[in-house]
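Participant: Just to be clear, the model below is a prediction. Sequence and coordinates:
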Amino acid sequence: MLARLDPGLAVEAVPYQWTELAPLGLSRDAAAQRVWLVGDGLRLGGGRAIAWLLRHARTRRWRVLGAIAGAPVLRWGTELGYRLIAANRHRLPGGTPACRLPQT
């Protein structure tokens, strides 16, 4: 979704099911629970990964949103927001039943 919002953002979204996780230092459980941003010395998950991506977007409004979301005092809110969105992403516009997280 971020790549569609900001075409200049140089990221590649790869489903964890198609990714060799061990070289990235990720377990299958960790990959199933949250989005991960891995590369160039980065290893961020969940809300921190989204905030980083937004901070490095080409569009100023996304950078501002990323700076706010990544602020240390607000990280708990960013993580909470990430968890709520991730748990309900199958209900969001464009979501499908395949977006549903496994129930644990």
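Facilitator: Looks like it arrived, so ask away.
Participant: Every contact and neighbour count from this point should use C-alpha atoms.
Facilitator: Noted.
Participant: now L42: how far from R91?
Facilitator: Distance, L42 to R91, using Cα to Cα, to the nearest Å: 30 Å.
Participant: And the strands in the chain, which stretches?
Facilitator: Using DSSP state E, the strands found in the chain span residues 36-39, 42-45.
Participant: TSV please, covering those and showing mean neighbour count, mean pLDDT and distance to D6.
Facilitator: Shown next, in TSV, are the strands of the chain (neighbours: other Cα atoms under 10 Å; pLDDT from 0 to 100; distance: least, Cα to Cα, whole Å):
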stretch	mean neighbour count	mean pLDDT	distance to D6
strand 36-39	17	90	16
strand 42-45	15	92	20
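Participant: possible to save these as JSON lines with distance to R63?
Facilitator: Formatted as JSON lines, those follow (distance: least, Cα to Cα, whole Å):
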{"stretch": "strand 36-39", "distance to R63": "17"}
{"stretch": "strand 42-45", "distance to R63": "17"}
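Participant: do you know which of those lies nearest R60?
Facilitator: Comparison of those against R60 by Cα to Cα identifies strand 36-39 as nearest, at 20.8 Å.
Participant: The closest one: partners in the sheet, and parallel or antiparallel?
Facilitator: Here strand 36-39 has these sheet partners by DSSP bridges: strand 42-45 (antiparallel).
Participant: Show residues contacting the partner strand.
Facilitator: Strand 42-45 is contacted by residues 34-38 when judged by Cα atoms under 8 Å, 6 or more residues apart in numbering.
Participant: Would you map the helices across this protein?
Facilitator: Counting by DSSP state H, residue ranges of the helices within the chain are 2-5, 28-33, 47-55, 60-70, 75-87.
Participant: Grab the CA positions of the last one and hand them over as PDB.
Facilitator: Taking Å, rounded to 0.1, in the frame of the first residue of the first chain, the C-alpha atoms of helix 75-87 are listed here in PDB:
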ATOM      1  CA  ARG A  75       5.400   4.700  19.900                       C
ATOM      2  CA  TRP A  76       3.000   2.800  22.200                       C
ATOM      3  CA  GLY A  77       0.100   4.500  20.300                       C
ATOM      4  CA  THR A  78       1.700   3.600  16.900                       C
ATOM      5  CA  GLU A  79       2.100  -0.100  18.000                       C
ATOM      6  CA  LEU A  80      -1.500  -0.100  19.200                       C
ATOM      7  CA  GLY A  81      -2.800   1.400  16.000                       C
ATOM      8  CA  TYR A  82      -0.700  -1.100  14.000                       C
ATOM      9  CA  ARG A  83      -2.100  -4.000  15.900                       C
ATOM     10  CA  LEU A  84      -5.700  -2.800  15.400                       C
ATOM     11  CA  ILE A  85      -5.200  -2.300  11.700                       C
ATOM     12  CA  ALA A  86      -3.400  -5.600  11.200                       C
ATOM     13  CA  ALA A  87      -6.100  -7.500  13.100                       C
END
